[in-house]
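**Student:** what's the 3D shape of this:
(chains A and B)
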Amino acid sequence: MKTKHTVRVAITALASLGLVAGILAPAQAARGTVIVHDTNPHSGFNNAVQGFNLATNATIRYLRFSDFNYYGQNRNLIQNTTLGTYRVTSNKSTDFRYTMTVKPGRLWSDGTPITAEDLLLNHVICSREYAKAAGLGDYDKDKLPGMAFNAACLLSSSYALFNAGEPILSSDKMSITFRFKQRFPDWDLGLPSLSPVHAYVHIANGKTSLQSVAANEAARDEFVKAYTAKDTKLLKAIGDIWSKSYNITTINPATTNPLLWVGNGGFNVVSATPGIGGSVTFKANPRYNSGPAVTGSIDNVVIKYVTDGTPAIQALENGEITMYNGQPTGDGIAALKKLKGVTVLAGRGATYEHINPRVGTIAGQAPYTGVFAGMSTRAIDLRRGFLLCVPRQEIIEKLVHVMNPDIELLNTATVMPNDPRYKAITAANGSKFFTGSQTSLNNRATALVRKHVPDALTKPIKVNMLVPGANQRRADQAQLIKANLRKCGFDVALDTQVSWSPILIDSKYDVVFFGWQSTSTAQSGHRAIFHPSGSNNRTAADGGASLNSMLDRIFGVSLSDKVLQTEFIKIDRKIFEYGFSLPIYQHPSFAAWDSDLKNVKPRDLGPTLVWNYWEWTY
Amino acid sequence: MLAFIARRLGALIVVLFGSSFILYNLAAISGDPIGALRFSDDREAEALIKELEEFLRLDVPPPLRYFIWLRGILGVFTGNVDFGQTRLRGPVSTELFAAIPVTIRLVLIATILSIVIGIALGIISALRQYSRFDYSMTFFAFLLFSLPIFWVAVLLKRYLAITFNNFLEDPYISMRWRITLGLVIGLIFASLFARSRRLFWPIFGALTLGMVGFLTFVNEAGLILNPRLGLVGILFFSLLICVGITFVSTGLSNRPALYSSLTMVPLTIVSYFGIQGQLNASTSIPRLLGFALITSAVAVVVALIFARQDRGPVIRTAVLSALLSANLIVVDKFMRTWKPYMEEDAVNFRPIPTIGQAKELLPQEDFWIVTLDTLIHLFLPTVALMLISFAGYIRYSRGTLLEVLNQDFIRTARAKGLTERTVIMRHAFRNTMIPLATIMVVDFAGIVGGAIITEQVFGWNGMGTLFNRAVSTIDLNLLMGVFSITATLAVLANLVADLLYSALDPRIRVGGGK
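**Tutor:** Next comes the predicted model:
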């Protein structure tokens, strides 16, 4: 008994000593891992392949590659002068050219210097003429996989549409000039991107490990030779690698070919596991010099897929993710705000909500003969009366401000509120007609309606509205709209449909409301929405020759910011004048991250959270 | 019998065909597969929509599109089955084969544990019918029955993960907690072991005091950050295991069994020291299985030395004792891995995760760290699944055992003068297992279907998550892939359950036509 006691005391003493030693041991190294949350798992590692253009795939690419420009926090396009420059070198209506120049000394992650030859592959991938001439398959939109490069850009990218002839390399091979048959808008939003062609050549030659710089340059020369000679065999082999090798979700660092993962971005991908609970792991690229200098101390980035809602919020609280990137409900926001050491930012999403009365009939649908049909004064007045009576301010105050109190009324159909041109545009675009106190708006609406339907207040006009289902905010929104419109002589029947998007074009709905998602600052997207032949025109709005020619102009011609602003004002004026559509608000969004991580600046365009990874620091 | 099986298999095909047709069409009309693309201002949206429509064959109406899918599936008869492609452009089969092991890993352990614990508690409950223990078990069973798993998951994450990890920043168990934990442990085990009220309070008191003392020791020795069983711990638990196994398996009066079982205690201690060198970073599962094989062989030899006749039960007891006892060495090794594991940058002293199957950025070459990581990730989902599913087994086994205990043959057995242990374990328990076996078969088939909500909230990419993704993104091929596997297994399990029933219970015949 006594000995046992002694033993126990001894063990206790020893263990306590060990514990003290453990406490006194040097503190752990500084944190260097950022775990970024996402709700949608990746599907592949080359988002330029047909069918792989997911937002998550694009985020992964953003970390792996630096391009010639990127968006800043406020939808401003920034030239990446660290990598090189680009400028228009011929601005004729039949011969449009821009030249891209790589700054000397830029390196791929395997140490190979980057040259303008690394931009050549873009032509191979996106030019139908080149593919045909080089025997890489004739473009047939019904049989895309028949092409050696199964590329999304073949479908409708401006490069594929307007390209004219092969690009011209400068003698020092650091500049390349791309040629087009006409000027086109948003050319700088779709610049060719760099490809590590030497790695593709090595893989095509059966190599399975990184090679020396000399061997890499020889491999690139081999590619340029094949490109010039239109060597079908090698180009097809590269096409195979480009189109198929990246369409995977799992990367096992022990067995994968490192040549596949050569990049010039701040991070190299090292491993990946698929699906919810899966992740992609990146390590800092020690040779990164193709983009803004890294100021922080981040060694590892992990993109981790966690179900939105409580699981993601608790994972953030438990330190399993550093940044939360979901769409929380009201409860979720409250829970996020309660977390200690977490910064919560109520921001703006890339979607804007709007309401559209139907104007005409979409091809293939039953004829629309409802109250809003056509361009008669009566139809226009009724549409405008209806839109005036939509309680926009009430919707925002009651439904949107709980998420983000900074979101205000959206008064243009052409730009978002954080666009630098927003103020100037909304001051002149005719949106004043739709602003004011709701009582005054209601009065004006009633006057317009009674002009054509004198007894509207006693015998309200029946209107059928499609309500997107499975969404509480939209259900509430519909109720507010219905209640206020009763005061202006409309009896709105709400038809809630879970599968609502395909029936937006159905003639049985007089009014539809939903959100447009803005994916870039391209000027040309508006044509699709408001032009009678536009693919996104769900209400058959047709504003006649003057509006249509304006839409054609911004779609087909590259315009300066100033001219574009004037055009946007004119387009907005027509849309509001005809009562085609009324924007309501920009959707709120949420980001939350561990407050220890500094310089996180969420923005509304993708990639929303990681776009300034070079600034992150603990 | 053969006719019965053939008839059932025929019905199976009809059921699968009909249900898959209905499901395919319901899923197809439940949403818009083009969805978000319709609202994108992407200049290429129109082309992308066209491409997607073609890829998903949206030009064919769902009832006919079903047969396109079916043609791929029917390849099963030519050995060339094609589950089609998911919307993310990967083969469905790849996703299925990746998800099935994940789901099995998650649900299998939880199911086995809930069966074992549920049946054990159910039996004890039945043996003490209408006691306070029985009532409290009934109460807990109904309580657990009624808990929604997503809520249980949130609570578990809150208290067992986040709060515990916070606690680890300054791991000192306060006196209040020591007493509370002591009282709880004392209450649970005293209710389990005390056969009469007279015994309850002494056992309760001793256990509570022991627990408080133990926790004080844990505090002082820093065992929370640096846990281990050590020589004393292994000796203690090894003795407990060997005596316990013998008691349940043969009874302590079987001297050869007791002695051979007890021999395993010193053998465990010896191998504890001998084997440490083998338990290094490069240890693998096959090597551990090899050790288990050697251990069993030694146990058999020992049992043969002690037992002269009726060797079967003795060998069984010795092997079980040896394996469980040797397992302590592995447990000890895992406990020793706890500290280096927590010091990993990826873990950063917050070891209990709330999501995922594994941590990124761990040294993949260290067997113990990687395996510990897997086990820790299994911890919360397993507890959650167990909590809600073992209640059913408590009720089933309690009810069945009570019914069996009222049978005439039990009275006969008692009248013969058999010990109570023999009556319960040999005569009553075995007959209790007959209806339970059929439930288990169906339960195991359900395993592959996955736990949709559990996988989702704990971030496991198993069959349940696949199913969820398929439904929410209207990915018909994926949905039907998951469905064909789970539905086939469900129908087959029902068939197996019927056959098993007739095999276990001679009073029942299938397809006898009588």
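**Student:** continuing past the top strand by length along chain A, what's the next helix or strand?
**Tutor:** Secondary structure assigned by DSSP state E gives strand A:342-357 as the longest strand of chain A. Per DSSP states H and E, the first helix or strand lying C-terminal to strand A:342-357 is helix A:377-388.
**Student:** mean confidence score for whatever helix or strand comes next after that next one?
**Tutor:** On the C-terminal side of helix A:377-388, the nearest following helix or strand under DSSP H and E is helix A:392-395. Mean pLDDT, helix A:392-395: 94.
**Student:** Show me what helix A:392-395 is packed up against.
**Tutor:** Using 3 or more Cβ pairs under 8 Å, 6 or more residues apart in numbering or on different chains; DSSP states H and E, the elements in contact with helix A:392-395 are helix A:472-485, strand A:582-594. C-beta here means a position set from N, CA and C on the backbone, and glycine is covered the same way.
**Student:** Tabulate the ones you listed (JSON lines), appending mean pLDDT and distance to chain B.
**Tutor:** Output for the helices and strands packed on helix A:392-395, formatted as JSON lines (pLDDT from 0 to 100; distance: least, Cβ to the nearest Cβ, whole Å):
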{"stretch": "helix A:472-485", "mean pLDDT": "92", "distance to chain B": "13"}
{"stretch": "strand A:582-594", "mean pLDDT": "91", "distance to chain B": "11"}
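**Student:** Point out the most buried one among those.
**Tutor:** Comparing those by mean neighbour count (mean count of other Cβ atoms under 10 Å in any protein chain shown), strand A:582-594 comes out on top with a mean of 23.
**Student:** Figure out how far that one is from the centre of its chain.
**Tutor:** 14 Å (Cα atoms, centre = their mean, to the nearest Å).
**Student:** by contact count, what packs against that strand?
**Tutor:** Applying 3+ Cβ pairs under 8 Å, 6+ apart, we find strand A:582-594 packed against helix A:310-317, strand A:323-324, helix A:330-338, strand A:342-357, helix A:392-395.
**Student:** Output these in JSON lines, with mean neighbour count and distance to B:G417 appended to each entry.
**Tutor:** Shown next, in JSON lines, are these (neighbours: other Cβ atoms under 10 Å in any protein chain shown; distance: least, Cβ to Cβ, whole Å):
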{"stretch": "helix A:310-317", "mean neighbour count": "25", "distance to B:G417": "59"}
{"stretch": "strand A:323-324", "mean neighbour count": "26", "distance to B:G417": "69"}
{"stretch": "helix A:330-338", "mean neighbour count": "15", "distance to B:G417": "64"}
{"stretch": "strand A:342-357", "mean neighbour count": "20", "distance to B:G417": "69"}
{"stretch": "helix A:392-395", "mean neighbour count": "20", "distance to B:G417": "83"}
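**Student:** Format those as CSV; extra columns: distance to B:L479.
**Tutor:** Putting the helices and strands packed on strand A:582-594 into CSV (distance: least, Cβ to Cβ, whole Å) gives the following:
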stretch, distance to B:L479
helix A:310-317, 22
strand A:323-324, 29
helix A:330-338, 27
strand A:342-357, 27
helix A:392-395, 36
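**Student:** Out of these, which is closest to B:V298?
**Tutor:** helix A:310-317 (45.9 Å; Cβ to Cβ).
**Student:** Report the distance from the closest one to the chain centre.
**Tutor:** Relative to its parent chain, helix A:310-317 has a centroid offset of 25 Å by Cα atoms, centre = their mean.
**Student:** Against which helices or strands is it packed?
**Tutor:** Using 3+ Cβ pairs under 8 Å, 6+ apart: helix A:310-317 touches strand A:33-38, strand A:323-324, helix A:330-338, strand A:582-594, helix B:149-156, helix B:452-457.
**Student:** okay, the ones you listed in CSV with distance to B:G122 next?
**Tutor:** Converted to CSV, those look like this (distance: least, Cβ to Cβ, whole Å):
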stretch, distance to B:G122
strand A:33-38, 42
strand A:323-324, 43
helix A:330-338, 38
strand A:582-594, 45
helix B:149-156, 21
helix B:452-457, 23
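**Student:** related to what we said a few turns ago, relative to B:P63, which of the helices and strands packed on helix A:392-395 is closest?
**Tutor:** Closest to B:P63 of the helices and strands packed on helix A:392-395, according to Cβ to Cβ: helix A:472-485, at 31.2 Å.
**Student:** after that closest one comes which helix or strand?
**Tutor:** Once the chain leaves helix A:472-485, the next helix or strand it forms, by DSSP H and E, is strand A:490-497.
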